[in-house]
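Trainee: Compute the structure for the input listed below.
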Amino acid sequence: MSDPTKRIRRPALWTAGAVLLLALPFYLDRFWLQAGLFAMAAAIGAIGLNLLTGATGQLSMGHAFFLAVGAYGYCVLAGDSAGGLTGLNLPSWLAAVLAVALAGVAGGLFSPISGRLQGAYLGIATLALIFIGQHVLFNAHDLTGGFNGRDVPPLSLFGITFDESELMVAAVPFGSAEKLWYVALPTLAGCALFARGVLRGRPGRAMNAIRDHRIAAGVMGVPVARYRAGVFVLSSMYAGLAGVLLALVFQRTVPEYFGMILSLEYLAMIVIGGLGSVAGAVVGAVFVSLLPQLLTRYSDALPLVSAPGTGGVAPGEASRYLYGAAVVAVVLFLPGGLVRPALRRKTTTPGE
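Mentor: Residues are numbered from 1 along each chain as shown. Next comes the predicted model:
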């Protein structure tokens, strides 16, 4: 039997957590707000990859390609035609929606290939997207700005422009990071709730059946090809949304960022946090995305870690060593990821 006090306590904890997250921009400095925004964008992308790889079993190493489609799609759709760059000058909110849809279209165009391949073969095929994307990003100067990238137009929504212009709220100056916080937080919550509903419903059961035994799922009447294609499109749209948010946070897009290392980092996120779990994707994204930033900020106080360009182990390298070790440790000792023990405690009752 479940404890009634736990049912009462849980909504109170969620409410307190939500109030705390909403109040953070009034107290944190810019570094922590940008780190939080980066983590929330990474969490959105990781949720999408977990739907594809963790829940459906489709290995994708091309997630960074769809983030680039979202980021650069937004820049082209919302940007101006100036300085030799192509821009459609659409309203920024509409450009963000269309950029996410564009990432979904890109995923839909690739879905017939994903429906025919599985395992390592699918991973290699998606890896080809990275090389194609990098070639286009570096050479399509009119669209991407080439090696130097291009500036990101600020988002305008409900009469508020999410740029560096200060907006006074309760005597606290709100810049771009503070204002974007209130866009990223509900966006992440909505993405997480939607993914959780998908996984807990009939589509989630079908996705897990495809992951565990594709042929048996087809025999039971699951439209395997349709589900695999649909999940690939949905995952691509999550990645596109993460790319738009990352572009808004960074305020400039550069092709080098959307490379193979970024895709590997997203795979590390879902493995560390827990495959097939929305909470695991969020936990893994926070761990992997915040680690290099924390190491960079506190490099002077940490042994063996030095500031970039000063010799020794750079924070970026150290962070990759650490979450590489975390992946090995999770695979060996926590095969379900960091959140799996908590989920087991949550679903186990004293009488079992």
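
Trainee: Which stretches in the stretch 201-350 of the chain count as helices?
Mentor: Under the criterion DSSP state H, counting those that start in this stretch, the stretch 201-350 of the chain contains helices at 202-212, 214-219, 224-250, 260-273, 278-297, 315-333, 340-347.

Trainee: okay, those in a markdown table with mean pLDDT, distance to A43 and mean neighbour count next?
Mentor: Any C-beta I mention is one placed from the backbone N, CA and C, and that applies to glycine too. Output for these, formatted as a markdown table (pLDDT from 0 to 100; distance: least, Cβ to Cβ, whole Å; neighbours: other Cβ atoms under 10 Å):
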| stretch | mean pLDDT | distance to A43 | mean neighbour count |
| --- | --- | --- | --- |
| helix 202-212 | 90 | 19 | 18 |
| helix 214-219 | 86 | 28 | 13 |
| helix 224-250 | 94 | 8 | 25 |
| helix 260-273 | 91 | 8 | 23 |
| helix 278-297 | 89 | 4 | 23 |
| helix 315-333 | 80 | 15 | 15 |
| helix 340-347 | 55 | 17 | 12 |
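
Trainee: Quick one: those helices as a markdown table, columns for distance to L94 too.
Mentor: Listed next are those as a markdown table, based on distance: least, Cβ to Cβ, whole Å:
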| stretch | distance to L94 |
| --- | --- |
| helix 202-212 | 29 |
| helix 214-219 | 38 |
| helix 224-250 | 12 |
| helix 260-273 | 27 |
| helix 278-297 | 27 |
| helix 315-333 | 36 |
| helix 340-347 | 39 |
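
Trainee: Which of those helices sits closest to G84?
Mentor: Among the helices of the stretch 201-350 of the chain, the nearest to G84 by Cβ to Cβ is helix 224-250 (19.6 Å).

Trainee: Could you name the helices and strands sitting against that closest one?
Mentor: Other elements packing on helix 224-250 under the criterion 3 or more Cβ pairs under 8 Å, 6 or more residues apart in numbering; DSSP states H and E are helix 30-49, helix 63-78, helix 92-116, helix 176-200, helix 202-212, helix 214-219.

Trainee: Which residues does the last one contact?
Mentor: With contacts defined as Cβ atoms under 8 Å, 6 or more residues apart in numbering, helix 214-219 is touched by G57, Q118, A206, A209, I210, V224.

Trainee: Recalculate using a threshold of 7 Å.
Mentor: A206, A209, I210, V224 (Cβ atoms under 7 Å, 6 or more residues apart in numbering).

Trainee: again with the third one
Mentor: Defining contact as Cβ under 7 Å, 6+ apart, one finds that helix 92-116 is touched by 58, 66, 69-70, 73-74, 77-78, 122, 125, 153-157, 225, 228-229, 232-233, 235-237, 239-241, 244.

Trainee: In this protein, what helix or strand scores lowest on average pLDDT?
Mentor: helix 340-347 (a mean of 55; mean pLDDT, DSSP states H and E).

Trainee: Could you list which residues are in contact with L157?
Mentor: Listed by Cβ under 7 Å, 6+ apart, the contact set of L157 reads W93.

Trainee: Go again with 10 Å.
Mentor: Residues near L157 by Cβ atoms under 10 Å, 6 or more residues apart in numbering: P91, S92, W93, A96, K179, Y182, V183.

Trainee: Pretty sure S319 sits against R297.
Mentor: No: using Cβ atoms under 10 Å, S319 is not in contact with R297, being 11.8 Å away.

Trainee: one step back: between the helices of the stretch 201-350 of the chain, which gets nearest to L51?
Mentor: Closest of those to L51 is helix 224-250, at 5.4 Å (criterion: Cβ to Cβ).

Trainee: show me the contacts for the residue nearest to S319 when sequence neighbours are not counted.
Mentor: Nearest non-adjacent residue to S319, counting by Cβ to Cβ, 6 or more residues apart in numbering: P292, 3.7 Å away. P292 makes contact with A35, F38, E265, A314, P315, G316, E317, A318, S319, R320, L322, Y323 under the criterion Cβ under 10 Å, 6+ apart.

Trainee: Swap in 7 Å and give it another go.
Mentor: Residues in contact with P292 (Cβ under 7 Å, 6+ apart) are P315, G316, S319.

Trainee: Adding distance to T144 as columns, could you present those in JSON lines?
Mentor: Conversion of these to JSON lines gives the following (distance: Cβ to Cβ, whole Å):
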{"residue": "P315", "distance to T144": "27"}
{"residue": "G316", "distance to T144": "23"}
{"residue": "S319", "distance to T144": "27"}
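
Trainee: Closest to G273 out of those?
Mentor: Using Cβ to Cβ, these come closest to G273 at S319, 16.0 Å.
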